[in-house]
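Engineer: Next comes the sequence, and after it the predicted model I'd like to discuss.
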Amino acid sequence: MLLVPGGFHVDTKASGAFGEKKPQIIAHAHTSLNFTVFDCKWIPCSAKFVCLGNFPRGTGVVQIHELQHGELQLVKELEKPKPIKCGTFGASSLQTRHIATGDFDGNLNIWNLEAADVPVYSVKAHKEIVNSIDGVGGLGIGEGAPEIVTGSRDGTVKVWDPRQRDSPVANMEPMEGETKRDCWTVAFGHAFNQEDRCVCAGYDNGDVKLFDLRNMSVRWETNIKNGVCCVEFDRKDINMNKLVATSLEGRFHVFDMRTQHPTKGFASVSEKAHKSTIWQVKHLPQNRDVFMTTGGAGNLHLWKYEYPAQRSEKDSEGVAGGVAGSLSLLQNVTLATQPIASLDWSPDKQGLCVCSAFDQSVRVLIVTKLNTV
């Protein structure tokens, strides 16, 4: 165990010695906040990031911080009527860089951070809290219309086009007689042309559902036996390649999404990585086979997915199915005593990321030597 700048520990069992060409996770800047932060996102094409959360008095907060000469400077603070749970820039253009947020009252709002007194778009999206949000079609990522997907405690998953007011363009809700499950996480994928697009959703009972938006149907579903905290495709703008789903009990699953067997579904590999909840997974924008998981014990694990020699094979009946790859742990660190609830890689600078923990702090980290993995 070695101490590195920033006062946290690196597990040398994962990294070997510092002389080896393994990535290192270095604390670059840190600041304490006066509110609970639920999500943080880099503002594209900038050295700024947004923190979203709630003040102790029960109102929402949007804070913008800027990285200047190795230190974090508070640029702007905005107080909102309701606590804010999640946000995304994914449906915005690089010119406007508007952030879409979901709050505790079920509202979907889109904010112009330059003039954020009133949202540029607002809709009562759900009856209960918006747990998760994702965007596609913006920032030059993914073909097709700019769309936002929201998942809520009310059990529904809805897709919104900000150019259309009031009603969602798609609404995935429990069928009559089905038990309403709390949707904890949503993610876009398969947006590689103008026609195709899908949404993956994870629920409190371990269900993972893949919705085909072109055919408005459930393409595939499985259960990972524990509440699904986060799902993410390795990239949104390609033919489906890999999907990672994390869970409450410290295990995550990587599904190979290229070949779907008619009865067995998608091949997968799983790893028991953390001793507690895996709150988030985020793929490195510049290398879709590298991703970070964040843990309930205040730790981060950096992983790499290794593809098998062949990605599909035929069974005894001649039906093609996928072949799962393998996982290698590149590095892990312990940053905090509280869960790390959010993490976001910089889309512009490889290895730069921001994360927030429930100790009311936000940290900017640098992950080195990613070109060598």
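Structural biologist: Alright, I've got the coordinates.

Engineer: contacting residues for Gln194?
Structural biologist: 143-144 (CB atoms under 8 Å, 6 or more residues apart in numbering). No exception for glycine: its C-beta is placed from N, CA and C like everyone else's.

Engineer: Next, it: secondary structure please.
Structural biologist: coil (DSSP: H, G, I helix; E, B strand; the rest coil).

Engineer: next one: Asn371
Structural biologist: Taking three-state DSSP, the label given to Asn371 is helix.

Engineer: what's the distance between it and Leu284?
Structural biologist: Remark: distance between Asn371 and Leu284 (CB to CB, to the nearest Å) = 11 Å.

Engineer: anything in contact with each of these two?
Structural biologist: Common neighbours of Asn371 and Leu284 (CB under 8 Å, 6+ apart) are Gln350.

Engineer: higher neighbour count, those two?
Structural biologist: Leu284 (20 against 11; other CB atoms under 10 Å).

Engineer: Return the residues in contact with the more buried one.
Structural biologist: 290-292, 345, 350, 370.

Engineer: Can you tell me who it pairs with across the strands?
Structural biologist: Under the criterion DSSP bridges, Leu284 forms beta bridges with Asn287.

Engineer: same thing with the one 10 residues further on?
Structural biologist: Partner residues in beta bridges with Thr294: Gln280, Leu300, with DSSP bridges as the criterion.

Engineer: what's around Ala273, how many residues?
Structural biologist: Using other CB under 10 Å: Ala273 sits among 18 other residues.

Engineer: confidence score at it?
Structural biologist: On pLDDT, Ala273 comes in at 82.

Engineer: ok, now the one 5 residues further on?
Structural biologist: pLDDT recorded at Ile278 is 97.

Engineer: which ones are touching it?
Structural biologist: 229-230, 246-247, 250-252, 293-296.

Engineer: Tell me which two of these sit farthest apart.
Structural biologist: Arg251 and Thr294 (14.2 Å; CB to CB).

Engineer: Check the gap between the closest residue to Lys272 other than its chain neighbours and Val228 for me.
Structural biologist: Distances taken as CB to CB, 6 or more residues apart in numbering put Arg251 closest to Lys272, at 4.9 Å, once the chain neighbours are dropped. Per CB to CB, Arg251 is found 11 Å from Val228.
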